[in-house]
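Novice: Quick one: sequence and predicted model below, then my questions.
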Amino acid sequence: MIDCYTWMTDNGRKPRMMLEETGLAHRIVPVNIREKEQMSPEFLKISPGHKIPAIVDHDGPGGATVTLCESGAILKYLAEKSGTFYPSDAAARAKVDQWLFYGSATFTTLAQQFGFWVIRSPAKVPPAQEHYTATLRDMLGTLDRHLADNQYFAGPYSIGDISMYPDIHLHGVNDVGLGDYPNVKRWHDAIAARPATQRAWEPFPK
Ligand SMILES: N[C@@H](CCC(=O)N[C@@H](CS)C(=O)NCC(=O)O)C(=O)O
């Protein structure tokens, strides 16, 4: 059984999408970051940098308990545990890693800055708004060019795609719109239609 510590944010959706895709047995443990629950001493033992998502796998390799934070590391762990959404061929795996790292480290991090400076900040700072809008549009353009020749980011649907989807859904679709990025839109809509994606975006189970 895997405990998935999460909240209704971009990064928080990523392990939920993968858990729903794989069917691995899991339990959702909501961590309300608006109420600062991520600062509790119990949670800091699981995620030292007070960030969701995190998981505790009570049946890890060799029966060990594994605690893990960082959405990219979690996606990779779940892929290796389930043997899905991550190719076994080394060259194909390296390309999935490229997009997994881009999604986890570059795309989401910069999209979060867009979210803060353009959407949520009570103070409007025009240079920051312009910079992060241009940054998000530049990344969407990069992804659109890649997806012109590729159905998914690296071979079949993979953890590389999952690492990118939540911010494209939240900021691409809802904020800047995907009208200028038809290949990203086609990719987004295919993932949005997956039953596992839809389950992962439902409210938390009671
Ligand atoms: N690089 C981390 C970032 C995780 C992250 O930004 N988590 C945010 C929510 S999306 C969070 O927990 N914020 C609360 C805090 O920083 O105290 C990952 O990919 O998991």
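Specialist: Arrived safely, thanks for sending. Predicted, not measured: the structure shown is a model, and the values here were computed from it.
Novice: Helices of the protein, start to end?
Specialist: 10-22, 41-46, 71-82, 90-101, 108-114, 126-148, 159-167, 182-192, 195-200 (DSSP state H).
Novice: Give me whichever of those is most buried.
Specialist: helix 159-167 (a mean of 27; mean count of other Cβ atoms under 10 Å). Placement of C-beta: from N, CA and C, glycine included.
Novice: That helix versus helix 182-192: what angle between them?
Specialist: If you take axes from the mean of the first three to the mean of the last three Cα atoms, to 10 degrees, helix 159-167 sits at 100 degrees to helix 182-192.
Novice: Give me the angle between helix 159-167 and helix 10-22.
Specialist: Using the same axes, to 10 degrees: helix 159-167 against helix 10-22 is 130 degrees.
Novice: contacting residues for the residue lying closest to residue 92 once chain neighbours are set aside?
Specialist: Among residues not flanking residue 92 along the chain, residue 155 sits closest, at 5.5 Å (Cβ to Cβ, 6 or more residues apart in numbering). By Cβ atoms under 8 Å, 6 or more residues apart in numbering, the residues touching residue 155 are 87, 92, 95, 96.
Novice: tell me the phi and psi of residue 155?
Specialist: Here is the backbone geometry of residue 155 (degrees, to the nearest 10): phi 70, psi -150.
Novice: Need the per-residue pLDDT for it.
Specialist: On pLDDT, residue 155 comes in at 97.
Novice: Repeat that for residue 172.
Specialist: Value listed for residue 172 in the pLDDT field: 87.
Novice: With residue 206 instead?
Specialist: Residue 206 is given a pLDDT of 68.
Novice: cool, residue 199 as well?
Specialist: 97.
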